[in-house]
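[1] structure, please.
(chains A and B)
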Amino acid sequence: KQEVTQIPAALSVPEGENLVLNCSFTDSAIYNLQWFRQDPGKGLTSLLLIQSSQREQTSGRLNASLDKSSGRSTLYIAASQPGDSATYLCAVKWVKTSYDKVIFGPGTSLSVIP
Amino acid sequence: AAGVIQSPRHLIKEKRETATLKCYPIPRHDTVYWYQQGPGQDPQFLISFYEKMQSDKGSIPDRFSAQQFSDYHSELNMSSLELGDSALYFCASSLGTSDKLFFGSGTQLSVL
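    Now for the predicted structure:
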């Protein structure tokens, strides 16, 4: 059974700090992994998508890495800003013969203190 | 650029009523996913469609059904609504299985 976990559940950091969010998954035969940001009561905004053949993706101050063999992905946020405060979710996709499935982790709630 | 459109944005129903949620994927996207997100919870996968055929089923109650139409839009039909069905319902679309998911803004369903 595929499962996705995220640690920490919540994180509070002062503005300017670099931080790392973690995502772990069972069944390393993933198809891709996507990081999302969600503001309270709002929809999901895609941040980065990593295909199973890739090791990392970068967009601005964000860098996501993928280690399939250990079932882990990390989202690195450089020079955090108050506007980064949100919940960050990773979503893992598996594509099998009879189905494709995307499962979300529980999210990390980030607060960046000015 | 066109995004995933969901309607309605908000819906208030009473127990035992029915509700229909609609999702219009990004043009040319052929895959649609439905998720349910309760307060403070992560999105839970309900059901997905690829090329108008159901491709996978998650924790969707038997009271719910969904389909994808010839124009690729999808509808989630919910009957005999219960208080616990109150949640934010998201639809996402992608082009095949390799592309990233694009989410709509969701439909907030409140069952009174």
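
[2] C-alpha only now, for contacts and for neighbours.
    Fine.

[3] next, the contact list for A:Ser46, please.
    A:34-37, B:101-102 (Cα atoms under 8 Å, 6 or more residues apart in numbering or on different chains).

[4] given the helix or strand harbouring it, what are its sheet partners and their directions?
    Using DSSP states H and E, A:Ser46 sits in strand A:44-51. Within its sheet, and counting by DSSP bridges, strand A:44-51 is paired with strand A:32-38 (antiparallel).

[5] show the average pLDDT along the partner strand.
    For strand A:32-38, mean pLDDT rounds to 94.

[6] roughly how far is it from the heart of the chain?
    5 Å (Cα atoms, centre = their mean, to the nearest Å).

[7] please apply the same query to stretch B:94-110.
    8 Å.

[8] now do the end-to-end distance for it.
    28 Å (Cα to Cα, to the nearest Å).

[9] the lowest-mean-pLDDT helix or strand in chain A: partners in the sheet, and parallel or antiparallel?
    Ranking every helix and strand in chain A by mean pLDDT, DSSP states H and E puts strand A:100-104 at the bottom, with a mean of 85. Here strand A:100-104 has these sheet partners by DSSP bridges: strand A:86-95 (antiparallel).

[10] so which bits of chain B are right by chain A?
    B:41-45, B:55-56, B:90, B:97-98, B:100-106 (Cα under 8 Å from any Cα of the partner chain).

[11] may I have the secondary structure class of the residue nearest to B:Cys23 when sequence neighbours are not counted?
    Nearest non-adjacent residue to B:Cys23, counting by Cα to Cα, 6 or more residues apart in numbering or on different chains: B:Gln6, 4.6 Å away. Three-state call for B:Gln6 (DSSP: H, G, I helix; E, B strand; the rest coil): strand.

[12] what's the burial count for B:Gln6?
    Using other Cα atoms under 10 Å in any protein chain shown, B:Gln6 has 24 neighbouring residues.

[13] again, but for A:Gly60
    A:Gly60, neighbours per other Cα under 10 Å, totals 7.
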